[in-house]
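Asker: Starting from these lines, generate the structure:
(4 chains)
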There are 2 protein chains.
Amino acid sequence: MEGRCRVLQGPTIEEAFRAIRDGIAGRRNVLIVGNCWAEYFGRASSKLGAGERIVLIKSDGSTLVHRPRDYAPVNWQPPGSLFRTRIKEGRLHIRVFRRKQHESLELIFDRVYLVAILHLIDLGEFHLYASEEDMRQAILIEPSLVEEGFRPVTIERPVESGFVDILGVDREGRLTVVEVKRKAVGREAVLQLERYVEDLRRSTGREVRGILVGPEVSRGAQGLLAALNLEFKPLSPKRCAEVLGDKRDRRITDFALEER
Amino acid sequence: MEGRCRVLQGPTIEEAFRAIRDGIAGRRNVLIVGNCWAEYFGRASSKLGAGERIVLIKSDGSTLVHRPRDYAPVNWQPPGSLFRTRIKEGRLHIRVFRRKQHESLELIFDRVYLVAILHLIDLGEFHLYASEEDMRQAILIEPSLVEEGFRPVTIERPVESGFVDILGVDREGRLTVVEVKRKAVGREAVLQLERYVEDLRRSTGREVRGILVGPEVSRGAQGLLAALNLEFKPLSPKRCAEVLGDKRDRRITDFALEER
DNA sequence: TAATAAATGTCGTTT
DNA sequence: AAACGACGTTTATTA
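Answerer: Residues are numbered from 1 along each chain as shown, chains lettered A, B, ... in the order given. Alright, predicted model coming up:
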């Protein structure tokens, strides 16, 4: 473990500097807790006043500056960033930059409470279920999730303005565009569907139905749907996962137990 | 600093458990480095195999599980989460959940390398420049950024399917919808603009121009624009920031809300 | 490399 | 509380 994890508590700026510089050079993960401020220039620009934060520099170069609140980092750099650390006027400067993107984050610490240099090995697999892709799969396996008598014909069918999620035929043989969303659909999704339907009407000269599938609709989207003569079919990712679980292999079944 | 930052290096599971439980109860920020695996159930569900990671539990309840790579956490919970920590079969279990949302993340550690309990004070202000809002401001101050002779009339004008960024009149008196984007515009933005233009044509019975303003257009969006007879005007957030820098100090704030 | 759309998106703002 | 849209969105996939 000692080889894996080197910790400095209450280091001097000089000690912190050396540990961080070497940690970054050695492609370790570097954790810094201290009082800092920051400036960012690139796609936009930003200024962050002084405060106590947690900074995480990962071995792939991604860098996160976390305040004691919120999910999102207040400042960051994506993977592949480069670093320059130095001491200036008794303070620790860490410049995180991406040359090609002309993007730079300058971090300045005047106090460092904790530095940890970590060699982490993480080969664990990660799997996510109940994605929009899973919903599409479920519909292909069990088309009645959309509507009794619905028959899918094509997936990812290209039309003029994009790709139709599922193109099929309803029980009366009408061409039917299905657009799937894993969360509550808003106006945006309706516009997308409307465009697809319009493209298909034009290119085929046939009558075309448009059905939005998702767990719920917003009020505004509801109105737009009505105005554009489009339809909504409620369907949750959860329900789809169940269908997939039944038909494929069991994955989500313990979810029901969890939910009570 | 000692009051601010309590660190356990290579603690036993029991020691880690106590420190973490008390840290969470005391609304501290808690850093954990160790070997863990995880399961998530909620909006979706996921399974993460064993590996060495950094876990950050913030004082507002937000929780992040970070692998040694990537900007994004592999698992997380938003602010406001609740916690239950316990030891089971010699392992440390941390359950992070939100009852109302029926969302739960279960983290299990079999080894803990480092625990830090942090009391962080962060009152620093954060400011972001060159946002889309800044671009709109710049256009209001300097309408020729869109086109010579353009005169803004209304901002955030509601139409049937949403809100028009800037509604104005071109040099020939034609109603003109301007949609602003801070980065390269894709199909989505074109659809949005098309809808607005269509709504206004219908509701006013007048000729309506639609101009998309942004740093660049994608190929596909370009095509869609042409097909729908809409226009594109290149304008970068940076250029807008310059304009604001020049003109802002003159305090032309509540400008352009009245019709001219 | 560019483009396109999903995301457990998150987050602020406004109704 | 719900809706709506921006975000330095990031990330994966595909042409």
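Asker: At which residues are the helices of chain A located?
Answerer: A:13-25, A:132-141, A:187-204, A:219-228, A:237-247, A:254-259 (DSSP state H).
Asker: Comparing these, which yields the minimum mean pLDDT?
Answerer: With a mean of 36, helix A:254-259 has the lowest mean pLDDT of those.
Asker: near chain B at all, stretch A:55-74?
Answerer: Yes. Using CB under 8 Å from any CB of the partner chain, stretch A:55-74 reaches chain B at A:56, A:58-60, A:62, A:64, A:66-71, A:74. Heads up, the C-betas are built off the backbone N, CA and C, glycines and all.
Asker: Turn the residues you listed into JSON lines, columns for neighbour count.
Answerer: Listed next are these as JSON lines, based on neighbours: other CB atoms under 10 Å in any protein chain shown:
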{"residue": "A:Leu56", "neighbour count": "23"}
{"residue": "A:Lys58", "neighbour count": "24"}
{"residue": "A:Ser59", "neighbour count": "20"}
{"residue": "A:Asp60", "neighbour count": "17"}
{"residue": "A:Ser62", "neighbour count": "23"}
{"residue": "A:Leu64", "neighbour count": "22"}
{"residue": "A:His66", "neighbour count": "25"}
{"residue": "A:Arg67", "neighbour count": "22"}
{"residue": "A:Pro68", "neighbour count": "21"}
{"residue": "A:Arg69", "neighbour count": "16"}
{"residue": "A:Asp70", "neighbour count": "13"}
{"residue": "A:Tyr71", "neighbour count": "16"}
{"residue": "A:Val74", "neighbour count": "20"}
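Asker: returning to what we had before: figure out which of the helices of chain A is closest to A:Ile108.
Answerer: Distance to A:Ile108, taken as CB to CB, is lowest for helix A:13-25 among the helices of chain A, at 10.7 Å.
Asker: if we look at the closest one, which residues are touching it?
Answerer: Taking contacts as CB atoms under 8 Å, 6 or more residues apart in numbering or on different chains, the residues outside helix A:13-25 that touch it are A:6, A:8, A:11, A:29-30, A:32, A:34, A:57, A:83, A:85-87, A:90-92, A:94, A:109-110, A:112, A:115, A:117.
Asker: A:Gly186 is in contact with A:Arg219, isn't it?
Answerer: No. Counting by CB atoms under 8 Å, A:Gly186 stays clear of A:Arg219, with 9.8 Å between them.
Asker: neighbour-wise, which of those two wins?
Answerer: Neighbour tally, A:Gly186 and A:Arg219, criterion other CB atoms under 10 Å in any protein chain shown: the higher count belongs to A:Gly186, 17 against 8.
Asker: thinking again about what came up before, can you narrow the residues of stretch A:55-74 next to chain B to ones near DNA strand C?
Answerer: By CB under 7 Å from any atom of the strand, the members of the residues of stretch A:55-74 next to chain B lying near DNA strand C are A:Asp70, A:Tyr71.
Asker: Quick check: which ranges of chain A have low pLDDT?
Answerer: Residues of chain A that meet the criterion pLDDT under 70 lie in A:1-3, A:248-260.
Asker: Spell out which residues of it are next to DNA strand C.
Answerer: Residues of chain A found near DNA strand C (CB under 7 Å from any atom of the strand) are A:70-72, A:128, A:131-133, A:161-163, A:165, A:181-183.
Asker: one step back: filter the contacts of helix A:13-25 to the buried ones?
Answerer: With burial judged by 16 or more other CB atoms under 10 Å in any protein chain shown, the buried subset of these is A:6, A:8, A:11, A:29-30, A:32, A:34, A:57, A:83, A:85, A:91-92, A:94, A:109, A:112, A:115, A:117.
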